[in-house]
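Undergrad: turn this into a model:
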Amino acid sequence: MLTAAACGSSGGSGSSSSGFSGGTKVEGGTATFALPPTAIPNYIFPFSGAAYFSVANTQYLQYLMYRPLYWFGNGSSPTLNTALSLADAPVYDGDKVTITMKGWKWSNGETVTAQDVVFWIHMLQAVGSSDWGDFSPGYFPQNVSDVQAVSSTELTMTMNESYNHDWFTDNQLSQITPMPKAWDRTADGPSDCTGNVNDCAKVFSYLDTQSKAETGYTSSPIWQVVDGPWKLTGFSSNGDNSFAPNPKYSGPVKPTLAQFKTVGYTTESAEYNVLQSGSSGGSQAINVGYLPTTDAPTKAAGTAVGTNPVGGYVLAPQYLWSINYFPLNNASTTGNGPVNRQLYFRQALQYLVNQEGVISGPLHGYGFATVGPVPTYPANAYLSDKGKEGDPFPYDAAKAKELLTSHGWKIVPNGESTCEDPAKCGDGVKEGQGLQFTLPYASGIDWITQTATQLQSNASQLGIKLNLEPKPFDQVTAIGGPNCVATHTSCNWDMAFWGGGWTFSPDYYPTGETLFAGGSTSNSSDFNDAHNNDLIKATLTGNSMTPLHEWQDYLTTQIPYIWLPNGVYSLTEIANNLHGVVPQSSTAALTPENWYFTK
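TA: Take a look at the predicted model:
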């Protein structure tokens, strides 16, 4: 899932030495959460295309109200949480899986049924190839031959072969968000997508249109039917949103707060000013905010956090189960597509990324190197031995230069290098073609800006001109988030850096079908490698880690995207009278139903 900054174990939420205050638990109160500048929600329907498939929309809006079939996150571990799921753990029998619903309720009094799951699956079958951000050709729902709601509580699926059970649960069933009968309609009235796949395209078109009409979120009877712990009571395009408890919530943790609010800021510094002013007066305008990386206390190696500069708050860094990168568009129609398709060029550009320099510099120690398609943090069995060795392409301008010169390029430092020998430059690269690219990046977060400008400076030494364009996060993801060929959108872009690559949610098992398989909706680079596709398929059937390790070791060297430091997602500042915020989820899930004040 696209993220604002690119995950964590029990060590993923360190805190400063000044802890939370004691006292008596208070019922009620309003807690305010400051949204990151790159994470302003703008799409409410929990069936998002690639341009809207982001942490901002799922975790900060949709999942608060509309619970996925299976919930992932136990403390800071990104694992299946059956207690918070709408169904019992799936039961597998060869190529068949059975799902039993728990009978939770929608806010209109109806039960969350197996038919509500079928509704979502039918929509995916009808429009998923272009309108679902987690769609991968050949996988869900195409790898399911039959779906049956046996009763209101039981659903069965027959798969086209026997798959790795953990993968099918974590990456296939995890995508589903049951939808209420009240949503099965068009502008003309009730429809039957639940019973007839042929009706689903029109239902999707209606719901998609309603979701893009942000001013109607709180007045629409559609979006007020929820099964999560919260109902939306106020919405603004700038992120200033309010939520009230859902009195019909069936989950095990009922909200203690009387109200939960999010507040949006265009820059980190604007949020920090409010955070500081609130902490000095005893009446905090922000209860959960964040510390800009530029103001972060430098973290010594082996420690979780430095000394908190803000009084009245606990500092708790949050890391995500994620990798960081930016895509180079192999299908670019600007003339740079043939250059982006050259492996040697991608390797040269990778050698110009100084991951350790960014981590020790702009990130003040709060980050981890991305070494390939599997996260390095927390420690996990998915990561291969080679992955554990660290950055396979450490900063090396000399190696980058040698790759370019040996492939026919005339290097013009601080100018524009050109192709002198097209026979060496590669298929489609013309004689005299220059190395000049447009790179939009997400504005508002200091370390992201510094990463972009540092890369621009490093690249200019070899005559690679990166024309930086700061833009809001949602504009950058709209440009570079979808696979432009698969989604039939404009391919008139070269590169795009939205500030963090991918959080493994709702695909928690870090295989490559969503991001790296040819034709996948979220394969932003349009990277398509036959050997890679075969290796991905091999990871999905057996329970051995060997295929997963073999795949990642191959793909890492192919540079499908440019690997970047996986910076801290949030240097979270929590008011010391607000409890239940930590440990923070490595999926970026926001769970204010766990929060409460003390006095």
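
Undergrad: CA atoms for contacts and neighbours, from now on please.
TA: OK.

Undergrad: and the next helix or strand past the worst-scoring helix or strand of the chain on mean pLDDT?
TA: When the helices and strands of the chain are scored by mean pLDDT, DSSP states H and E, helix 268-281 comes last with a mean of 79. Going down the chain from helix 268-281, the next helix or strand is strand 288-290, by DSSP states H and E.

Undergrad: quick one, strands of the stretch 101-250 of the chain?
TA: With DSSP state E, counting those that start in this stretch as the criterion, the stretch 101-250 of the chain has strands at 144-149, 154-159, 185-186, 189-190, 230-234, 241-245.

Undergrad: would you format those as TSV with mean pLDDT included?
TA: Formatted as TSV, the strands of the stretch 101-250 of the chain follow (pLDDT from 0 to 100):
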stretch	mean pLDDT
strand 144-149	95
strand 154-159	97
strand 185-186	98
strand 189-190	96
strand 230-234	98
strand 241-245	98
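
Undergrad: how about E402, secondary structure?
TA: helix (DSSP: H, G, I helix; E, B strand; the rest coil).

Undergrad: residues near it, how many?
TA: Using other C-alpha atoms under 10 Å, E402 has 14 neighbouring residues.

Undergrad: ok, it to P252 distance?
TA: Note on E402: its distance to P252, by C-alpha to C-alpha, to the nearest Å, is 60 Å.

Undergrad: what do you get for K96?
TA: Separation of K96 from P252 (C-alpha to C-alpha): 29 Å.

Undergrad: same question for Q433.
TA: On the measure of C-alpha to C-alpha, Q433 and P252 end up 62 Å apart.

Undergrad: okay, these two: which has more neighbours?
TA: Q433 (18 against 9).

Undergrad: how about the more buried one, what does it touch?
TA: 418-419 (C-alpha atoms under 8 Å, 6 or more residues apart in numbering).

Undergrad: who are the contact partners of the nearest residue to T266 once chain neighbours are set aside?
TA: Once flanking residues are discounted, T266 sits nearest to P37: 5.1 Å by C-alpha to C-alpha, 6 or more residues apart in numbering. By C-alpha under 8 Å, 6+ apart, the contact set of P37 is 264-268, 443-445, 473.

Undergrad: and with 7 Å instead?
TA: 264-268, 444 (C-alpha atoms under 7 Å, 6 or more residues apart in numbering).

Undergrad: likewise T514?
TA: Per C-alpha under 7 Å, 6+ apart, neighbours of T514: 134-136, 520, 522-523.

Undergrad: closest one of those to Q456?
TA: N523 (24.2 Å; C-alpha to C-alpha).

Undergrad: the closest one contacts V485, correct?
TA: No. Using C-alpha atoms under 7 Å, N523 makes no contact with V485, being 9.8 Å away.

Undergrad: who has more neighbours, these two?
TA: Each of N523 and V485 has its neighbours counted (other C-alpha under 10 Å); N523 has more, 32 against 19.

Undergrad: what's the neighbour count on W409?
TA: Using other C-alpha under 10 Å, W409 is surrounded by 25 other residues.

Undergrad: right, I mislabeled it, should have said A423
TA: A423 has 14 neighbours, counted by other C-alpha under 10 Å.

Undergrad: try G302
TA: G302 sits with 6 neighbouring residues when counted by other C-alpha under 10 Å.

Undergrad: quick one: secondary structure of it?
TA: Per three-state DSSP, G302 ends up coil.

Undergrad: and it, how close does it get to Y139?
TA: 41 Å.

Undergrad: ok, S48 next?
TA: 17 Å.

Undergrad: neighbour-wise, which of these two wins?
TA: Between S48 and Y139, counted using other C-alpha under 10 Å, the more crowded position is S48 (20 against 17).

Undergrad: wait, is Y554 part of a strand?
TA: No. Read with three-state DSSP, Y554 is helix and lies in no strand.

Undergrad: could you report the pLDDT at it?
TA: Y554 is assigned 98 on the pLDDT scale.

Undergrad: assign a three-state SS to the residue nearest to it when sequence neighbours are not counted, would you?
TA: Spatially, and ignoring its direct neighbours in sequence, Y554 is nearest to N532 (7.5 Å; C-alpha to C-alpha, 6+ apart). Classification of N532 using three-state DSSP returns helix.

Undergrad: E550 versus N532, what's the distance?
TA: Distance of N532 to E550, given as C-alpha to C-alpha: 10 Å.

Undergrad: and the two? Which one has more around it.
TA: Between N532 and E550, counting by other C-alpha under 10 Å, N532 is the more crowded of the two (21 against 16).

Undergrad: in this protein, where's the longest helix?
TA: helix 114-131 (DSSP state H).

Undergrad: go through that helix and flag the buried ones.
TA: 114-131 (16 or more other C-alpha atoms under 10 Å).

Undergrad: show me what that helix is packed up against.
TA: helix 200-212 (3 or more C-alpha pairs under 7 Å, 6 or more residues apart in numbering; DSSP states H and E).

Undergrad: counting contacts, what elements does the helix it packs on pack onto?
TA: Helix 200-212 is packed against helix 114-131, strand 185-186, with contacts defined by 3+ C-alpha pairs under 7 Å, 6+ apart.

Undergrad: which residues touch the least confident helix or strand of the chain?
TA: 37, 265, 284-286, 289, 291-292, 310-312, 444-445.

Undergrad: among those, which pair sits farthest apart?
TA: Using C-alpha to C-alpha, the pair of these lying farthest apart is G312 and G444, separated by 25.2 Å.

Undergrad: what about V144, neighbour count?
TA: 16.

Undergrad: OK, contacts around the spatially closest residue to it that is not a sequence neighbour?
TA: What sits nearest to V144 in space, not counting adjacent residues and going by C-alpha to C-alpha, 6+ apart, is M159, at 4.2 Å. Counting by C-alpha under 7 Å, 6+ apart, M159 touches 95-96, 143-145.

Undergrad: on that earlier part again, only whichever of the contacts of T514 are buried, select them in ChimeraX.
TA: In ChimeraX, a selection of the buried entries from the contacts of T514 looks like this (16+ other C-alpha under 10 Å):
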select :134,135,136,520,522,523
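
Undergrad: can you list the contacts of T514 in a markdown table and add pLDDT?
TA: Output for the contacts of T514, formatted as a markdown table (pLDDT from 0 to 100):
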| residue | pLDDT |
| --- | --- |
| D134 | 90 |
| F135 | 89 |
| S136 | 88 |
| S520 | 93 |
| S522 | 91 |
| N523 | 95 |
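
Undergrad: looking at the contacts of T514, which one is closest to L383?
TA: Lowest distance from L383 to those (C-alpha to C-alpha) belongs to N523, with 21.0 Å.

Undergrad: name the nearest residue to that closest one, ignoring sequence neighbours.
TA: Leaving aside its sequence neighbours, N523 sits nearest to L515 (C-alpha to C-alpha, 6+ apart; 4.5 Å).

Undergrad: run a quick neighbour tally on that neighbour.
TA: Neighbours of L515 under the rule other C-alpha under 10 Å: 26.

Undergrad: against T186, how distant is it?
TA: 32 Å.

Undergrad: format the contacts of P37 as TSV; extra columns: distance to S107 and neighbour count.
TA: Formatted as TSV, the contacts of P37 follow (distance: C-alpha to C-alpha, whole Å; neighbours: other C-alpha atoms under 10 Å):
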residue	distance to S107	neighbour count
G264	28	22
Y265	31	20
T266	34	19
T267	36	16
E268	36	23
G444	37	22
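
Undergrad: and these as JSON lines, adding distance to N324?
TA: Formatted as JSON lines, these follow (distance: C-alpha to C-alpha, whole Å):
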{"residue": "G264", "distance to N324": "23"}
{"residue": "Y265", "distance to N324": "23"}
{"residue": "T266", "distance to N324": "22"}
{"residue": "T267", "distance to N324": "21"}
{"residue": "E268", "distance to N324": "20"}
{"residue": "G444", "distance to N324": "18"}
